[in-house]
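*Asks:* can't give you the sequence, but here's the structure:
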Ligand code: HEM
């Protein structure tokens, strides 16, 4: 077995371990008897730690096998992000011993890792601009910091699920459902990707990117074709419409098509859950959090920002600037990715100021933590889809 | 000025909300921090007298109050955030891709993105980050930072320095964490003190009143980090001056030597060789799959082997300067070369396979063997006007297109780099004044009249690479680094430590226990639980739990 195979096996193992751990975290909430509860809690935490160690082994072996830190493409980076989220959960768990955090953090980390595995996972050599230790330091610090900031989101979400009154439909319940629905979309994405991958679906299109003619391969039936694209594969589904011209970025049409499929699949799962549960998803989750103390969750959410913000400053801005100075001869270039890192930083600074000076605790703070996570995810997913196309380093 | 004397004897400055020494609310000033409406005291700046809240009449006072408000600060940050986001909708002018319809912003945005692109351009969003109003926004943040910090730092420092262990009972009772125990023995108090010390609290005492405090220095974190931010803003301003910052670009062809721009003719660079490497199978089995999927070659290294020269002594006008070697450098991407005097060279671009020279021969059009009547060599970067051949033929260059392209039937050059050279030659046979016209390029040889007696052919050519290097001098970097360092120290100081205080206030046979922290109340509670373990002292109650306030629950929107 090659080192790379071991590495991939470890990643797979960690995925399964997190899945089982989630189930045990679930048990800690339902059981009434305290001894049994303590037992499942121990198992859940142990499984999480073993899973994390497995994932760490994936990381290290892949590093050794490929000769460079495994944070050089979307697959590797998003995997590292999911791993950092688990690490952050473990740290905050030992600070506050809140099991409900695991019940929410692990599924989100699993979704993120699943999302990562949809990107090509080949070990690719580094182009010259990426051959820098500073880049490695920068990206790893960013992954850890956004992992921690995500726990702020998880805690904020727990806060809202418990806090928002589900007895009637309000603006709050609607927004909360939208947040939860987004998680379903990610799961939908993973499910459709895996399904069409198994069937080996392919449809090729040709379109104009700038002045060049390029081909793009759809791995899902084309609901939307690239802007002014021509089908190269016959006997596939006829696209319903065409991607708008303002969608920039490489393969915008294909990504947009994937997005539509993800919404369809996510929406379907969501509908099924609602039909079976006969309640809003928020209302279904609420009873699980009966014993959760809102004050504690609020503090965890804030603590995660307090820990994550300095790290993000260091990794996302300072280390990034050092690398950019060495590689690109300027430490700051107003490239969309950079600007969105700055926006993230501004946002969390505003969060801290609002909390400290304007007393935005509890609910307001929780909504903010969700917006913060949305900004982070936008920089990870949205910038590539909608804005970039200029800079190769993603 | 109206100083206020508290019953504890301490004289407080005007505008004080809570006595600096004992914490007793000062009557008549409670509206300032909103204490009159609440059971709990607002502890944010220890109830100290802040200029912004005390003097509000003159214009200066009003401006001061405006900028010292965190609300204004947050608005400025949020506006900067939204503005920054707007600038990412379409690429900034400097990122207009070379293959775009036009690199002129006035054309590019409308042509590429339609009406929204036009609006984007007209609003100036294509150069947002260098625009005057973005600068002003950053400057306002700077002003706000300075004023805000001064407004709070000085009174806060006073209040924390002057505070006494003995606090007024009202102060104690109106803390968020509070408990009252009727009977407590001196042994128990002693044990609490000891356990607090074990947790690294600093204890001060006054007549049986105890103050346990730790992490006070973390209170200065925000002020330290704001100083860092101000330094960064100042560095950004200084960077606008050419004295401290220089940015130039130079192209050097292999085998050529040229002056480095921006150095006032001090430094020269010679490009010995430009190396461009791509990944291949030899780089390892492991990359195989990834490489196979790529359509193009994956670059592995860009490198210029350069020699840097420095001018020696004074140059005589007209004469070539005398040069001495400073260093030989291998300049790679991610490995810039420092050449002295604050200059750094970065590998930034390249042109592969530019034509260096091209040799032509002339033969008779009807000669099957194309026997050369004469040959000449053109230096692509320095073509001569006229070439005299051995047998009396003269060839003149009428037109030279370094990078030839046919644009609507009109020949033109799309750049000045000889990547696809083409020529219009005039051939003068011996003793003739009327030339024959020939068009020659790569794979093209056109005789417009079809009557030419002589024909040109390419016999040889020589190619070379060109290296593009950025020349940088940036004396603002140390200032940025200093600012970033101070910011990091301040932010860690404020975030990873907390200022915690526990007061033990004797009352009758028992004690009142109160505690305050600027963040992380659960952790403080854990400290107290540890300290009072095995004593009869009651654990503090959180007088402000979020749960308790059911009325705040998010029912209606
Ligand atoms: C617009 C101008 C700004 C003003 C008026 C301002 C004001 C303040 C004030 C009054 C505090 C609280 C001090 C205290 O209560 O002890 C504070 C804390 C802080 N400020 Fe600023 N600030 C500004 C800009 C910024 C910016 C741009 C950043 C960085 C992105 C920043 C980062 C921080 C941090 C990290 C804290 C500590 C927060 C905490 O301890 O929770 N500030 N700022």
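*Replies:* Thanks, I have the structure now. Keep in mind that this is a model prediction, so the values were computed, not measured. Numbers count the residues shown, from 1 in each chain, chains lettered A, B, ... in the order given.

*Asks:* residue contacts, residue B:90?
*Replies:* B:109, B:112, B:113, B:117, B:120, B:125, B:126 (CB atoms under 8 Å, 6 or more residues apart in numbering or on different chains). Every C-beta, even on glycine, is put in place using the N, C-alpha and C of the backbone.

*Asks:* just these: which are in helices?
*Replies:* B:109, B:112, B:113, B:117, B:120 (DSSP state H).

*Asks:* dump those residues to a markdown table, plus pLDDT and neighbour count.
*Replies:* Converted to a markdown table, the ones in helices among the contacts of residue B:90 look like this (pLDDT from 0 to 100; neighbours: other CB atoms under 10 Å in any protein chain shown):
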| residue | pLDDT | neighbour count |
| --- | --- | --- |
| B:109 | 82 | 25 |
| B:112 | 76 | 19 |
| B:113 | 76 | 19 |
| B:117 | 82 | 19 |
| B:120 | 85 | 20 |
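
*Asks:* so residue B:354 sits in a helix?
*Replies:* No. Membership of residue B:354 in a helix is not supported by DSSP: H, G, I helix; E, B strand; the rest coil, which gives strand.

*Asks:* wait, residue A:108 touches residue A:155, no?
*Replies:* No. Residue A:108 is beyond contact range of residue A:155, at 11.5 Å (criterion: CB atoms under 8 Å).

*Asks:* which residues touch residue 21?
*Replies:* By default, I'm working from chain A. Contacts of residue A:21 (CB under 8 Å, 6+ apart): A:43, A:44, A:45, A:47, A:48, A:51, A:102, A:106.

*Asks:* that's the other chain; I wanted chain B
*Replies:* By CB under 8 Å, 6+ apart, the residues touching residue B:21 are B:6, B:8, B:9, B:10, B:162, B:163, B:164.

*Asks:* from these, which two are the most distant?
*Replies:* Greatest spacing in these, by CB to CB: B:9 and B:163 (14.1 Å).

*Asks:* out of the two, which sits in the more crowded spot?
*Replies:* Between residue B:9 and residue B:163, counted using other CB atoms under 10 Å in any protein chain shown, residue B:163 has the larger neighbour count: 22 against 9.

*Asks:* picking up where we left off before, can I get the ones in helices among the contacts of residue B:90 in TSV including distance to chain A?
*Replies:* Shown next, in TSV, are the ones in helices among the contacts of residue B:90 (distance: CB to the nearest CB, whole Å):
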residue	distance to chain A
B:109	12
B:112	9
B:113	6
B:117	9
B:120	11
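
*Asks:* now for those: which two are most distant?
*Replies:* That would be B:112 and B:120, which, of the ones in helices among the contacts of residue B:90, are the farthest apart (CB to CB) at 10.2 Å.

*Asks:* give me the domain ranges for the chain.
*Replies:* No chain specified, so I'll use chain A. Domain ranges of chain A: A:3-166+A:279-393, A:171-278, per automatic domain parsing.

*Asks:* think we crossed wires, I meant chain B
*Replies:* Per automatic domain parsing, the structural domains of chain B span B:50-163, B:168-219+B:492-556, B:363-454.

*Asks:* look at the residue nearest to the spatial centre of chain A and give its secondary structure.
*Replies:* Geometric centre of chain A, nearest residue: residue A:112, 4.1 Å, by CA atoms, centre = their mean. Using three-state DSSP, the structure places residue A:112 in helix.

*Asks:* which residue is the nearest non-sequential neighbour of it?
*Replies:* Take residue A:112 and drop its neighbours on the chain: the residue closest to it by CB to CB, 6 or more residues apart in numbering or on different chains is residue A:82, 4.0 Å away.

*Asks:* so that neighbour touches residue A:116, yeah?
*Replies:* Yes. With contacts counted by CB under 8 Å, residue A:82 reaches residue A:116, the gap being 6.3 Å.

*Asks:* show me which of these two is the more surrounded one.
*Replies:* Neighbour tally, residue A:82 and residue A:116, criterion other CB under 10 Å: the higher count belongs to residue A:82, 28 against 22.

*Asks:* what's the per-residue pLDDT of the more buried one here?
*Replies:* Note on residue A:82: pLDDT of 95.

*Asks:* that one falls within a helix, correct?
*Replies:* Yes. Secondary structure of residue A:82 (three-state DSSP): part of a helix.

*Asks:* and it, how far from chain B?
*Replies:* Per CB to the nearest CB, to the nearest Å, residue A:82 is found 22 Å from chain B.

*Asks:* can you list the contacts of residue B:21 in JSON lines and add secondary structure, pLDDT and distance to the ligand?
*Replies:* Formatted as JSON lines, the contacts of residue B:21 follow (DSSP: H, G, I helix; E, B strand; the rest coil; pLDDT from 0 to 100; distance: CB to the nearest ligand atom, whole Å):
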{"residue": "B:6", "secondary structure": "coil", "pLDDT": "83", "distance to the ligand": "24"}
{"residue": "B:8", "secondary structure": "coil", "pLDDT": "83", "distance to the ligand": "25"}
{"residue": "B:9", "secondary structure": "coil", "pLDDT": "80", "distance to the ligand": "28"}
{"residue": "B:10", "secondary structure": "coil", "pLDDT": "83", "distance to the ligand": "23"}
{"residue": "B:162", "secondary structure": "helix", "pLDDT": "83", "distance to the ligand": "18"}
{"residue": "B:163", "secondary structure": "coil", "pLDDT": "86", "distance to the ligand": "16"}
{"residue": "B:164", "secondary structure": "coil", "pLDDT": "85", "distance to the ligand": "22"}
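
*Asks:* which of those are buried?
*Replies:* Buried subset of those (neighbour count, 16 or more other CB atoms under 10 Å in any protein chain shown): B:6, B:10, B:163, B:164.

*Asks:* gap between whatever residue of chain A ends up closest to the ligand and residue B:242?
*Replies:* Nearest residue of chain A to the ligand (CB to the nearest ligand atom) works out as residue A:349 at 3.2 Å. Distance from residue A:349 to residue B:242, counting by CB to CB, to the nearest Å: 32 Å.

*Asks:* where does chain A dip in pLDDT?
*Replies:* A:30-37, A:209-212, A:245-250, A:384-394 (pLDDT under 70).

*Asks:* what does the stretch 401-550 of chain B give?
*Replies:* B:545-550.

*Asks:* skip the chain neighbours and tell me the closest residue to the closest residue to the ligand within it.
*Replies:* Per CB to the nearest ligand atom, residue B:494 is where the stretch 401-550 of chain B lies closest to the ligand, at 4.2 Å. Spatial nearest neighbour of residue B:494, excluding adjacent residues (CB to CB, 6+ apart): residue B:221 at 2.2 Å.
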